[in-house]
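>>> starting from these lines, generate the structure:
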Amino acid sequence: MADTSTERFDSYDEDLLLLLTEITSALQEATSATTTSANRQASLSKADRACDEARELVGALELELQNIPTAGRTKLTHRVRERKLKLEQARRSWKQAKDDAASRDLFGARGDDRYGETEADGAAYAQRNRLLAGHERLDNASARLQNSQRLANETEGIGAGILRDLSAQGEQIRNTRERLMQADGYVDKSMKSLKSMGRRLITNKIITGTIIAVLILLILLVIYSKFK
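Residues are numbered from 1 along each chain as shown. Next up is the predicted model:
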């Protein structure tokens, strides 16, 4: 069971690494200055899908982690945390690239000629940037909250595993104690049997000695009667 869980864990981890590499490549394509608007949107969509798949794989890793014995779980738990951190960084990079692409598509058609902008356009652009910044801060806070929740769930799972191990060890100790008590009972019975056999042996010796003494006495009486 443990070996199978470890093999599945390693397989999921390899798939997750491939997805993280795919996300990085798609984001590089999306943020390239030579990328067209259509290709940029396609790359962002590709990175978004890869992020969703990567999130599912992280969940699969966390589930498999619960089936791995405590002795080998610590190192793998650290690896899962690293993968989750990389995925969160990739997700933030994707959001930033998406916001940059939206700004570029909205204002890029104007080129570098800022002299024709109206005051209303400038205010709207500044307000939009503030909204995007606030949205990003909210997303970051939500991500940190989710990460804290996941860490709490991991800690709870590890604690439950330790309790299960302790319960199993306690059961083994109780079984060992019962076997020792049973063996002690057998020893007591054996000692009683040996003592009983010893008493019977002494009794037999006394009886045998008495018989021999009587026989000797009878022989002496017979001899005495003959010479009388």
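>>> any idea how far the one helix or strand Q169 maps to is from the chain center?
Take DSSP states H and E as the rule and Q169 turns out to sit in helix 119-227. Once both centres are worked out by CA atoms, centre = their mean, to the nearest Å, helix 119-227 turns out to sit 25 Å from its chain's centre.
>>> so which elements touch it?
Under the contact criterion of 3 or more CB pairs under 8 Å, 6 or more residues apart in numbering; DSSP states H and E, helix 119-227 touches helix 37-66, helix 70-107. To be clear about C-beta, it is placed using only N, CA and C from the backbone, and glycine gets the same treatment.
>>> now, of those helices, which is deepest in the fold?
When these are scored by mean count of other CB atoms under 10 Å, the highest mean neighbour count falls to helix 37-66 (a mean of 17).
>>> taking helix 70-107 as reference, get the angle to that one.
160 degrees (axes from the mean of the first three to the mean of the last three CA atoms, to 10 degrees).
>>> what packs against helix 37-66?
Using 3+ CB pairs under 8 Å, 6+ apart: helix 37-66 touches helix 2-30, helix 70-107, helix 119-227.
>>> tabulate those helices in JSON lines, adding columns for mean pLDDT.
Shown next, in JSON lines, are the helices and strands packed on helix 37-66 (pLDDT from 0 to 100):
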{"stretch": "helix 2-30", "mean pLDDT": "89"}
{"stretch": "helix 70-107", "mean pLDDT": "87"}
{"stretch": "helix 119-227", "mean pLDDT": "76"}
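>>> output these as TSV; include the columns distance to C51.
Below are those laid out as TSV (distance: least, CB to CB, whole Å):
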stretch	distance to C51
helix 2-30	6
helix 70-107	5
helix 119-227	12
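>>> which one of those helices lies closest to E53?
Closest approach to E53 among the helices and strands packed on helix 37-66 is made by helix 2-30 (5.6 Å; CB to CB).
>>> elements contacting that closest one?
helix 37-66, helix 70-107.
>>> okay if I get the ones you listed as JSON lines plus distance to A183?
Output for the helices and strands packed on helix 2-30, formatted as JSON lines (distance: least, CB to CB, whole Å):
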{"stretch": "helix 37-66", "distance to A183": "38"}
{"stretch": "helix 70-107", "distance to A183": "31"}
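>>> quick one: which of the helices and strands packed on helix 37-66 is nearest A50?
For A50, the closest of the helices and strands packed on helix 37-66 is helix 2-30, at 4.7 Å, according to CB to CB.
>>> list the buried residues of that closest one.
Neighbour counts over helix 2-30 (16 or more other CB atoms under 10 Å) mark 5-6, 8-9, 12-13, 15-16, 19-20, 22-24, 26-27, 29-30 as buried.
>>> having no further points to raise, I will conclude here.
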